[in-house]
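Novice: okay, predicted coordinates and the sequence, questions at the end:
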Amino acid sequence: MHHPTVKILDKQFSIYLPERKILHSVEIVAARLSHDYRGKKPLFLSVLNGAFMFASDLMKELTIECEISFVKLSSYEDMQSTGTVKEIIGLKEEIKGRHVVIVEDIVDTGHTIANLLKQLQGKEPASVEVATLLLKPESLQHELNIKYPAMSIANDFVVGYGLDYNGLGRNLRDIYKVM
Ligand SMILES: O=P(O)(O)OC[C@H]1O[C@H](OP(=O)(O)OP(=O)(O)O)[C@H](O)[C@@H]1O
Ligand SMILES: Nc1nc2[nH]cnc2c(=O)[nH]1
């Protein structure tokens, strides 16, 4: 079912990106990745929770030999440092010498990705790039080269297709924006 609006907790959301548009953009980014990583046996690292649905649809469209693994970032915050230090949890794979592609649902301020990139680069990968379903260019606060954004969006809070509002809405097939 595709509803024009949904209510989650106290907020009303309106349809923004319908499923067919999302899946079309996933196909396009998957084709680019398949082209660029052929023969490199990349390791896709998906960041839980939000990216699970994008990671799943993306993997189904990849035509190359590749691996996928899932990591979480700790909610531990180191108050002594300038930013938030989030530790990578669940990373068992050897990163050294591997071609790594981070799989995210959204890059908003860029804090999460900037931190993750810094930690991964310390592990000496052969290369590391970012594939994200959504990118908010106007919201970015870091100089980041996001090579594989499926879609760029305005600075609105969105839910659905893995993205949540206070834990809810991840199961929606379409993406909605707050009204
Ligand atoms: O660019 P930023 O401003 O850092 O925002 C992006 C991050 O925010 C969301 O994660 P969240 O912490 O909500 O966790 P979740 O994936 O479990 O929902 C999203 O999945 C990104 O990881
Ligand atoms: N659900 C959701 N999570 C986010 N994390 C950073 N930006 C967003 C957003 O727009 N929606």
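Specialist: That came through fine. Ligands and ions are numbered 1, 2, ... in the order given.

Novice: so residue 42 makes contact with residue 98?
Specialist: Yes. Here residue 42 lies in contact with residue 98, judged by CB atoms under 8 Å, at a distance of 7.4 Å. To be clear about C-beta, it is placed using only N, CA and C from the backbone, and glycine gets the same treatment.

Novice: looking at the two, which one has more neighbours?
Specialist: residue 42 (25 against 21; other CB atoms under 10 Å).

Novice: tally of neighbours for residue 55?
Specialist: 23.

Novice: pretty sure it is in a helix, no?
Specialist: Yes. Assignment of residue 55 by DSSP: H, G, I helix; E, B strand; the rest coil places it within a helix.

Novice: what sits closest to residue 112 if chain neighbours are left out?
Specialist: Counting by CB to CB, 6 or more residues apart in numbering, residue 112 lies nearest to residue 73, which is 6.8 Å off, once chain neighbours are set aside.

Novice: and the pLDDT at the one you found?
Specialist: Looking at residue 73, its pLDDT stands at 92.

Novice: quick one: residue 46 and ligand 1, what's the gap?
Specialist: Residue 46 is 10 Å from ligand 1, where distance means CB to the nearest ligand atom, to the nearest Å.

Novice: which elements pack onto the helix-or-strand element of the chain with minimal mean pLDDT?
Specialist: Every helix and strand of the chain was ranked by mean pLDDT, DSSP states H and E. The lowest is strand 88-89, at a mean of 93. The contact analysis (3 or more CB pairs under 8 Å, 6 or more residues apart in numbering; DSSP states H and E) places strand 88-89 against strand 67-73, helix 111-121.

Novice: contacts for that strand, please.
Specialist: 71-74, 116, 119-120 (CB atoms under 8 Å, 6 or more residues apart in numbering).

Novice: now, of those, which are buried?
Specialist: Neighbour-count burial (16 or more other CB atoms under 10 Å) applied to the contacts of strand 88-89 gives 71, 73, 116, 119-120.

Novice: adding distance to ligand 2, write those out as a markdown table.
Specialist: Output for the buried ones among the contacts of strand 88-89, formatted as a markdown table (distance: CB to the nearest ligand atom, whole Å):
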| residue | distance to ligand 2 |
| --- | --- |
| 71 | 17 |
| 73 | 12 |
| 116 | 14 |
| 119 | 19 |
| 120 | 20 |
